[in-house]
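**Student:** heads up, no residue letters with this:
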């Protein structure tokens, strides 16, 4: 064999460089290492009973995990490929059956059952975004056509797609996220599940203030558990323990692995143009997640279906399909810069005599206000004492300014904080928040709790991505990292 290889090499050296067949041989040699699909157990008529007959179906083996994978293809005549990734649940790729016909008119569609789900039952491993991303990369390499590749994920599948796009840059031209689950820090998510809507006009203000205090106490207890012992860490620390106990319980295996992934630390600057589609009434993945994602994704556009819940393609199929097709043909643009704040207006609240703020202010002062909301607020200065504030799409502070938050609670989403924020015995829940200024940008003067999701610190010397729960004594946030 060695002599034969030597003779082949000698023969190749003697051939003129311009010979076309030499290039053909080189391409074939390079292709020897490519992993081709090997078929697994054939699909039965019973297994395909719920699927339309006109599509193409295969069950192949994924080489990276030696696991069977169910693959559906439609619109084979088209060059641009759309890959669909489902979420948790027993239906797997069936969740897309109301979507595929509309897509197949313009695109080559590839829908899979993730390993462990649907018709891809087989090998047991940690069903994490990292491992599933390897599977998706193999699928794209194996099934893509000559045109562009667009990746569409729903719920857990959206989170996996987001992780894939961050870890495999340049492999897809567009990303579509539908009601992505598992993105927020787990403490922020649990707090969402326990929170009621107290901003109801038919409730007296005194009642709403009491309810706000009750919810505040509940959140405080939940935040304490976020920094305490977490029994799920037992499974994440030892894969053998996980596989022996919950390995074959696919939904639990995948859900725990999703919770363990810190999406806040991913690099979002290199992601492709992203379209975000969300059901406004989603109780599983709150709309707050969409706004936080939009904050960190440099090229993104958000579409909200007002009456839809967590699975908009089923509850509102026509609206969803129209929106998805439009999104796949759209080009997301960078977020516009906010106008310079030159306002001299001062906003004040004492015991909730003014609860809603919007627009530009030079300064806002809150004292004993439990029902305050900021929507599209731009203020150069914020002073809070004994208050509870919920703000979104806002810019707080200014270069060289220091804001004071004392014995207060802030929930902020899609917000920029400029300058420095001092906290004294306060609690803050930030999702899609960016600190700009000179380090330190956040200083705790006494006992501060922070729950951070998709949060960043950007100074002249550093750019840091943050997520998780923190308890600060007399120290800066940077010193706790």
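**Tutor:** Perfect, thanks for sending it. Model, not experiment: these values are computed from the prediction.
**Student:** sec struct for residue 102, please.
**Tutor:** helix (DSSP: H, G, I helix; E, B strand; the rest coil).
**Student:** look up the closest residue to it, ignoring the ones flanking it.
**Tutor:** residue 321 (4.3 Å; C-beta to C-beta, 6 or more residues apart in numbering). All C-beta spots, glycine's among them, are computed from the backbone N, C-alpha and C.
**Student:** quick check: residue 139 vs residue 439, distance?
**Tutor:** 43 Å (C-beta to C-beta, to the nearest Å).
**Student:** wait, residue 271
**Tutor:** Taking C-beta to C-beta, one finds residue 271 at 26 Å from residue 439.
**Student:** just to revisit the earlier point, more neighbours, residue 139 and residue 439?
**Tutor:** Neighbour count, other C-beta atoms under 10 Å: between residue 139 and residue 439, residue 139 has more, with 20 against 17.
**Student:** just to check, the more buried one is in contact with residue 113?
**Tutor:** No. Between residue 139 and residue 113 there is no contact, the gap being 11.2 Å when judged by C-beta atoms under 8 Å.
**Student:** what sits in contact with each of the two?
**Tutor:** residue 69 (C-beta atoms under 8 Å, 6 or more residues apart in numbering).
**Student:** need the contact partners of the one helix or strand residue 112 maps to.
**Tutor:** For residue 112, the host element (DSSP states H and E) is strand 108-113. Applying C-beta under 8 Å, 6+ apart, the external contacts of strand 108-113 come out as 69-86, 92-93, 96, 100, 103, 119-120, 135, 139, 143-145, 147.
**Student:** after that strand, which helix or strand is next?
**Tutor:** helix 129-143.
**Student:** list the buried ones in that following helix?
**Tutor:** 129, 131-140, 142-143 (16 or more other C-beta atoms under 10 Å).
**Student:** same deal with stretch 258-273?
**Tutor:** Buried residues in stretch 258-273 (16+ other C-beta under 10 Å): 258, 259, 260, 261, 263, 264, 266, 268, 271, 272, 273.
**Student:** let's see which of those residues end up in helices.
**Tutor:** 258, 259, 260 (DSSP state H).
**Student:** who touches residue 314 in this structure?
**Tutor:** 95, 98.
**Student:** tell me the domain boundaries of this structure?
**Tutor:** In terms of domains, the chain is parsed into 38-182+237-329, 346-480 (source: automatic domain parsing).
**Student:** for the helix or strand hosting residue 289, packing partners?
**Tutor:** For residue 289, the element it lies in under DSSP H and E is helix 287-296. Packed against helix 287-296, as judged by 3 or more C-beta pairs under 8 Å, 6 or more residues apart in numbering; DSSP states H and E, are the following elements: strand 273-279, strand 300-305, strand 388-406, strand 409-424, strand 427-436, strand 448-458.
**Student:** closest one to residue 373 among the ones you listed?
**Tutor:** With C-beta to C-beta as the criterion, residue 373 lies closest to strand 388-406 of the helices and strands packed on helix 287-296, at 5.2 Å.
**Student:** relative to strand 409-424, how tilted is the closest one?
**Tutor:** 0 degrees (axes from the mean of the first three to the mean of the last three C-alpha atoms, to 10 degrees).
**Student:** and strand 388-406, what's its mean pLDDT?
**Tutor:** Confidence for strand 388-406, expressed as mean pLDDT, is 96.
**Student:** thinking again about what came up before, which of the three states applies to the residue nearest to residue 102?
**Tutor:** Residue 321 ends up helix, using three-state DSSP.
**Student:** which residue ranges form the strands in the stretch 101-250 of the chain?
**Tutor:** Using DSSP state E, counting those that start in this stretch, the strands of the stretch 101-250 of the chain run over 108-113, 149-154, 174-178.
**Student:** with mean neighbour count and mean pLDDT as extra columns, can I get these in a markdown table?
**Tutor:** Output for the strands of the stretch 101-250 of the chain, formatted as a markdown table (neighbours: other C-beta atoms under 10 Å; pLDDT from 0 to 100):
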| stretch | mean neighbour count | mean pLDDT |
| --- | --- | --- |
| strand 108-113 | 25 | 98 |
| strand 149-154 | 26 | 98 |
| strand 174-178 | 27 | 98 |
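**Student:** phi, psi for residue 171 please.
**Tutor:** As for residue 171, its main-chain torsions (degrees, to the nearest 10) stand at phi -80, psi -20.
**Student:** quick one on the thing from earlier: mind checking the helices and strands packed on helix 287-296 for the one nearest to residue 355?
**Tutor:** Comparing these by C-beta to C-beta, strand 388-406 comes nearest, at 9.9 Å.
**Student:** how much does that closest one deviate in direction from helix 287-296?
**Tutor:** 60 degrees.
**Student:** helices and strands around strand 388-406, which ones?
**Tutor:** Short answer (3+ C-beta pairs under 8 Å, 6+ apart): strand 388-406 packs on helix 287-296, strand 372-379, strand 382-385, strand 409-424.
**Student:** now the end-to-end length of stretch 459-475.
**Tutor:** One end of stretch 459-475 sits 18 Å from the other (C-alpha to C-alpha, to the nearest Å).
**Student:** buried sites along it?
**Tutor:** Judged by neighbour count (16+ other C-beta under 10 Å), stretch 459-475 contains these buried residues: 464, 465, 466, 467, 468, 469, 470, 472.
**Student:** same question, stretch 391-406
**Tutor:** Going by 16+ other C-beta under 10 Å, stretch 391-406 has these buried residues: 391-398, 401, 403-406.
**Student:** adding distance to residue 449, write the residues you listed out as CSV.
**Tutor:** Output for the buried residues of stretch 391-406, formatted as CSV (distance: C-beta to C-beta, whole Å):
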residue, distance to residue 449
391, 18
392, 20
393, 24
394, 21
395, 24
396, 19
397, 21
398, 26
401, 23
403, 17
404, 17
405, 12
406, 14
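**Student:** among the residues you listed, which two are most distant?
**Tutor:** Largest pairwise distance in the buried residues of stretch 391-406, by C-beta to C-beta, is 24.7 Å, between 393 and 406.
**Student:** nearest to residue 157, of the buried residues of stretch 459-475?
**Tutor:** residue 467 (20.7 Å).
**Student:** picking that back up, show me what contacts the residue nearest to residue 102?
**Tutor:** By C-beta under 8 Å, 6+ apart, the neighbours of residue 321 are 98, 99, 102, 313.
**Student:** give me the buried entries from the residues you listed.
**Tutor:** Buried by 16+ other C-beta under 10 Å: 99, 102, 313, out of the contacts of residue 321.
**Student:** out of these, who's nearest residue 331?
**Tutor:** Closest to residue 331, out of all of these and judged by C-beta to C-beta, is residue 102, at 20.4 Å.
**Student:** who are the contact partners of that closest one?
**Tutor:** With C-beta under 8 Å, 6+ apart, residue 102 has these contacts: 321, 324, 325.
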